[in-house]
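Participant: Have a look; sequence and predicted model below, questions after that.
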Amino acid sequence: MNCLDQLRKAYILSWVGDREFVERTWRECRKELSEEGLRERVGKVLERADREWEIPSLLREEGIEGESLVREALGELLERLYRTTEEREVRRNEYVIYSVSDLGLKKVVRGYCERCYGYRSVNLEGGFGVRYEQMVYLETTGDADEALSTLLKDIFD
């Protein structure tokens, strides 16, 4: 499994509200994106450093490389996504994974479209929709599914 690609997708799907995907990614990638005892070793190095500019040298002396730090930071990001993703009812069709938040007067759609690239915006009756690369955002007072199909019309054709 390519955890970096999965992390990118989990980041977007956490915005959509797909907690199940984020949790599955966290379970499968947490060992690959973290190193046992690295936080404690970094903490000891920070305690030893008198000045901030000494930290890189002390990290190298301890054998801690930048790649390990980046991997650990990505693991921490994934864990925070897992702990803070708000679970919503997620709908799927052949093109989009999306959620609809009903705010009373209007509905907000947040989505992820794996096959979508580029930018497209539409003005709808009672709202608007924007698709930028793989992210979809839509506000409407009408039917959310109909508005979503209008925004993604060029993908369906």
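Facilitator: The structure has been received and is ready for your questions.

Participant: Format the CA atom coordinates belonging to stretch 105-112 as PDB.
Facilitator: This file holds the C-alpha atoms of stretch 105-112, laid out as PDB (Å, rounded to 0.1, in the frame of the first residue of the first chain):
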ATOM      1  CA  LEU A 105     -32.600  26.500   4.100                       C
ATOM      2  CA  LYS A 106     -29.600  25.200   2.100                       C
ATOM      3  CA  LYS A 107     -27.700  22.000   1.600                       C
ATOM      4  CA  VAL A 108     -23.900  21.800   1.500                       C
ATOM      5  CA  VAL A 109     -22.200  19.000  -0.400                       C
ATOM      6  CA  ARG A 110     -18.500  18.100   0.100                       C
ATOM      7  CA  GLY A 111     -17.100  15.600  -2.200                       C
ATOM      8  CA  TYR A 112     -14.100  13.700  -3.600                       C
END
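
Participant: pLDDT averaged over that stretch, what's the number?
Facilitator: In this model, stretch 105-112 has an average pLDDT of 94.

Participant: And it, what's buried?
Facilitator: Lys107, Val109, Arg110, Gly111, Tyr112 (16 or more other C-beta atoms under 10 Å). Backbone N, C-alpha and C define where each C-beta goes, glycine included.

Participant: Break the chain down into its structural domains.
Facilitator: Listed domain ranges for the chain are 3-84, 90-156 (source: automatic domain parsing).

Participant: just so I have it, where are all the strands in the chain?
Facilitator: Remark: strands assigned in the chain by DSSP state E are 90-92, 96-102, 107-113, 119-124, 127-132, 135-140.

Participant: per-residue confidence for Asp18?
Facilitator: For Asp18, the pLDDT comes out at 93.

Participant: now Ile155
Facilitator: Reported pLDDT for Ile155: 68.

Participant: Leu13 too?
Facilitator: 94.

Participant: I'd assumed Glu20 was in contact with it.
Facilitator: No - using C-beta atoms under 8 Å, Leu13 is not in contact with Glu20, being 9.0 Å away.
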